[in-house]
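> mind folding the following:
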Amino acid sequence: MQYGFIFPAFDALLAVDYAVEAEKAGWDGFFLWDHMLYSQSQKLRLYDPWVILAGIAMRTERLRIGTTVTPLARRRPWKLARETVTLDHLSGGRLILSVGAGDPDEAAYGTFAEPTDPKIRAAMLDEGLEILTGLWTGKPFKFTGHHYMVKKCTFLPTPVQTPRIPIWVGGFWPHKRPFRRAARWDGAFPLNSGGPFTPPPYLLQQIRTYIEQHRQTRAPFDLVIMGSTPGDDPKAARKKLAGYEEMGLTWWLETLLRWRNSLDAMRQRSRQGPPKI
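Numbers count the residues shown, from 1 in each chain. From the prediction side, this is the model:
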């Protein structure tokens, strides 16, 4: 099992510093929120995670990096293809692309006259993934869909990672369609609308079994969840995670449930290091 740390993009410079410290403390990955607005009622300072990730890539050597998660429906797939390949090169092949249809938040989508219908965003996500991976090949590629069209072109360079940059797909369990989608890619990230989702081990087993029923390849596959562990009680942390490892969890992403209260608390938890089993 690998251990990552989730950081809300409230401060660009601090995010880079925290990632450097997280690498020194032994974490395996560092992931940022990807929001335009978090909500209309909470006027939070937010910075662009992709620009921050470039800074992190240049100041770290080992950490896997990425977002949790990027709503692909509000991104131009060809622009994201260019950005992700650039980050993959800057980091020496350490980028993970985590995507989803997006939390149906009126503030994040309706504010900018973007589609709020979840079915439309899901269709845009599927088309966007086909475009991304097609452009990543570095071979002539064209695409015609309901939402996007790409005339024949070739994108170079290709990513450092082969066969591609890993793609994790987020979704709200027990909705099944996002996890059938995840089965086609490289990982699944069960989420919960409105807050962290840490399914108990038995439920994680159900999710894994469902995905395995729809996998058509034996390629490696990540199962990712987020939650919190006590940094000052390693024994309790290991006990909490033992059942997840048995159920096939490959990534635990540490997140503070009370992130609104203190960035200092996040720094303290990061410095304590991951709850390695």
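
> please enumerate the strands of the stretch 101-250 of the chain.
Assigned strands in the stretch 101-250 of the chain, in chain order: 141-144, 149-153, 167-172, 187-191, 222-227 (criterion: DSSP state E, counting those that start in this stretch).

> which among those strands is found nearest to G110?
G110 sits nearest to strand 167-172 of all the strands of the stretch 101-250 of the chain, at 19.1 Å, using CB to CB. (Glycine included, C-beta is placed from N, CA and C.)

> the inter-axis angle of the closest one versus strand 222-227?
For strand 167-172 against strand 222-227, the angle by axes from the mean of the first three to the mean of the last three CA atoms, to 10 degrees is 50 degrees.

> kindly format the C-alpha coordinates of strand 167-172 as CSV.
The C-alpha trace of strand 167-172 is given here as CSV (Å, rounded to 0.1, in the frame of the first residue of the first chain):
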residue,chain,number,x,y,z
ILE,A,167,-5.8,7.5,-14.8
TRP,A,168,-7.9,7.1,-11.7
VAL,A,169,-11.6,7.6,-12.0
GLY,A,170,-13.7,9.0,-9.1
GLY,A,171,-17.3,8.3,-8.5
PHE,A,172,-20.0,8.2,-5.8
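
> dump the strands of the stretch 101-250 of the chain to TSV, plus mean pLDDT and distance to S270.
Conversion of these to TSV gives the following (pLDDT from 0 to 100; distance: least, CB to CB, whole Å):
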stretch	mean pLDDT	distance to S270
strand 141-144	98	40
strand 149-153	98	40
strand 167-172	95	21
strand 187-191	94	20
strand 222-227	94	15
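
> now mean neighbour count and distance to A113 too, for these, in CSV please.
Formatted as CSV, the strands of the stretch 101-250 of the chain follow (neighbours: other CB atoms under 10 Å; distance: least, CB to CB, whole Å):
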stretch, mean neighbour count, distance to A113
strand 141-144, 14, 24
strand 149-153, 12, 21
strand 167-172, 23, 24
strand 187-191, 23, 25
strand 222-227, 21, 31
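
> can you list those in CSV and add distance to P159?
CSV is the format used below for these (distance: least, CB to CB, whole Å):
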stretch, distance to P159
strand 141-144, 14
strand 149-153, 17
strand 167-172, 11
strand 187-191, 16
strand 222-227, 17
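
> of all these, which one is nearest M58?
Here strand 167-172 is closest among these (CB to CB), at 23.3 Å.

> tell me what that closest one is packed against?
Applying 3 or more CB pairs under 8 Å, 6 or more residues apart in numbering; DSSP states H and E, one finds that strand 167-172 makes contact with strand 95-100, helix 177-183, strand 187-191.

> okay, these in TSV with distance to L72 next?
Shown next, in TSV, are the helices and strands packed on strand 167-172 (distance: least, CB to CB, whole Å):
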stretch	distance to L72
strand 95-100	5
helix 177-183	11
strand 187-191	14
